[in-house]
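K.L.:
Here is my input; please provide its structure:
(one chain, ligands or ions: 1)
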Amino acid sequence: MSRAGNMMNTKTRTHKMLIDLEMLNRLNSEGCAACGGKFTLGETVVAANGSWEGGRRFIHEREAAFDTVTASYFEKSCCEPSLTDSSG
Ligand SMILES: [Zn+2]
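P.N.:
Here you go, the predicted model:
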């Protein structure tokens, strides 16, 4: 599976990537912004918007949903309705 660098089409660009060693070291210094857990090598992460500040951050793919309108990921638990029963 080889993918040539495709810089032309920024519209359809996804924010999904696999964790490599460099990413692992960088991201695990803070952990996952969504669940607070650590990442492991080869995991799929996405750059998503969420309840945190400072724009997109990498979180586990399973914790993100893709918004086709903005063509970007967002944190599920941030926008999921009726999941929390108390506001803190
Ligand atoms: Zn996570």
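K.L.:
Grab the nearest non-local neighbour of the residue nearest the centre of the chain.
P.N.:
Centroid-nearest residue in the chain, with C-alpha atoms, centre = their mean: Val46, separated by 2.9 Å. Spatially, and ignoring its direct neighbours in sequence, Val46 is nearest to Tyr73 (4.4 Å; C-beta to C-beta, 6 or more residues apart in numbering). Any C-beta I mention is one placed from the backbone N, CA and C, and that applies to glycine too.
K.L.:
And Gly54, how close does it get to Val46?
P.N.:
16 Å (C-beta to C-beta, to the nearest Å).
K.L.:
right, I mislabeled it, should have said Leu24
P.N.:
Here Leu24 is placed at a distance of 16 Å from Val46 (C-beta to C-beta).
K.L.:
circling back to that earlier point, now for the helix or strand harbouring the residue nearest to Val46, which elements pack on it?
P.N.:
Assigned by DSSP states H and E, Tyr73 falls within strand 72-75. Applying 3 or more C-beta pairs under 8 Å, 6 or more residues apart in numbering; DSSP states H and E, we find strand 72-75 packed against strand 44-49, strand 64-67.
K.L.:
C-terminal to the first one, which secondary structure element comes first?
P.N.:
Later in the chain than strand 44-49, the nearest helix or strand by DSSP H and E is strand 57-60.
K.L.:
which other helices and strands contact that next one?
P.N.:
Using 3+ C-beta pairs under 8 Å, 6+ apart: strand 57-60 touches strand 44-49.
K.L.:
ok, back up a step: for the residue nearest to the centre of the chain, which residues are in contact?
P.N.:
Thr14, His15, Lys16, Met17, Phe58, Ile59, Glu61, Ala64, Tyr73 (C-beta atoms under 8 Å, 6 or more residues apart in numbering).
K.L.:
Low-confidence regions, this structure specifically.
P.N.:
1-13, 78-88 (pLDDT under 70).
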